[in-house]
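Engineer: Output the structure for:
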Amino acid sequence: MTHHQKVRSKIINNSQLATLIVQWKENEESIVFTNGCFDIIHRGHIDYLSKAADLGTKLIIGVNTDRSVSALKGVHRPIQDEYSRLTILAAMEFVDAVILFDEATPINLISSVIPDVLVKGSDYKAKDIVGYKVVINHGGRVETLDFLEGFSTSAIENKIITASKI
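Structural biologist: Numbering: from 1, shown residues only. Sure, this is the predicted structure:
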């Protein structure tokens, strides 16, 4: 398989997700799930996602659609379209699958995956994370990871806006 094919194969739909989950669970893989917009990939994302991947053997990332990013972040977002965001994430060696979701929260996706580990940033309390009950009730765990100080998409966006006014 070429590198290009490998990247494309990690961008999956719900049917492919179901097949992967069955295979991975049969092979006793430890499935980690996280989600987000991932609009402009930066060092903070790499730090967070690589640490999330270290919590298991397979990392699945739920990615907000363009429509849901706009609903969450405002009409000026996303900066990059959903296929670009999926492709960039799929290119990371420690990412095993990326999938879009269009709902306000990833609860349906989490309920489909039933990950062994659900991960979000430490700006959330574990019990407040969407999917907490689903994961805990199936014997999994919920982890929060600290963000790398000084790295955020909003900060990058503001820096670009400020620079463009000079």
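Engineer: Quickly run through the sheet partners of the helix or strand containing residue 62, with directions.
Structural biologist: Per DSSP states H and E: residue 62 is located in strand 58-64. Strand pairing for strand 58-64, determined by DSSP bridges: strand 31-36 (parallel), strand 97-101 (parallel).
Engineer: so can I have a markdown table of the ones you listed showing distance to residue 107 and mean neighbour count?
Structural biologist: Quick note: C-beta positions are derived from backbone N, CA and C, even for glycine. What follows is the strands paired with strand 58-64, written out as a markdown table (distance: least, Cβ to Cβ, whole Å; neighbours: other Cβ atoms under 10 Å):
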| stretch | distance to residue 107 | mean neighbour count |
| --- | --- | --- |
| strand 31-36 | 10 | 24 |
| strand 97-101 | 9 | 21 |
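Engineer: Just the buried residues of the strand holding residue 62, please?
Structural biologist: 58, 59, 60, 61, 62, 63, 64 (16 or more other Cβ atoms under 10 Å).
Engineer: Any stretches of this structure with poor pLDDT?
Structural biologist: The model of the chain has pLDDT under 70 over residues 151, 166.
Engineer: distance between the strand or helix carrying residue 120 and the chain's centre?
Structural biologist: Taking DSSP H and E as the criterion, residue 120 maps to strand 117-121. Taking Cα atoms, centre = their mean, to the nearest Å, the mean C-alpha location of strand 117-121 is offset from the chain mean by 9 Å.
Engineer: Residue 121 reaches residue 143, doesn't it?
Structural biologist: No. Contact criterion Cβ atoms under 8 Å: residue 121 and residue 143 do not qualify, at 10.3 Å.
Engineer: the more surrounded of the two?
Structural biologist: Legend: neighbour count by other Cβ atoms under 10 Å for residue 121 and residue 143, higher for residue 143 (18 against 15).
Engineer: before we move on, back to that, in JSON lines: the strands paired with strand 58-64, plus distance to residue 162.
Structural biologist: Formatted as JSON lines, the strands paired with strand 58-64 follow (distance: least, Cβ to Cβ, whole Å):
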{"stretch": "strand 31-36", "distance to residue 162": "24"}
{"stretch": "strand 97-101", "distance to residue 162": "31"}
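Engineer: Thank you kindly, that will do.
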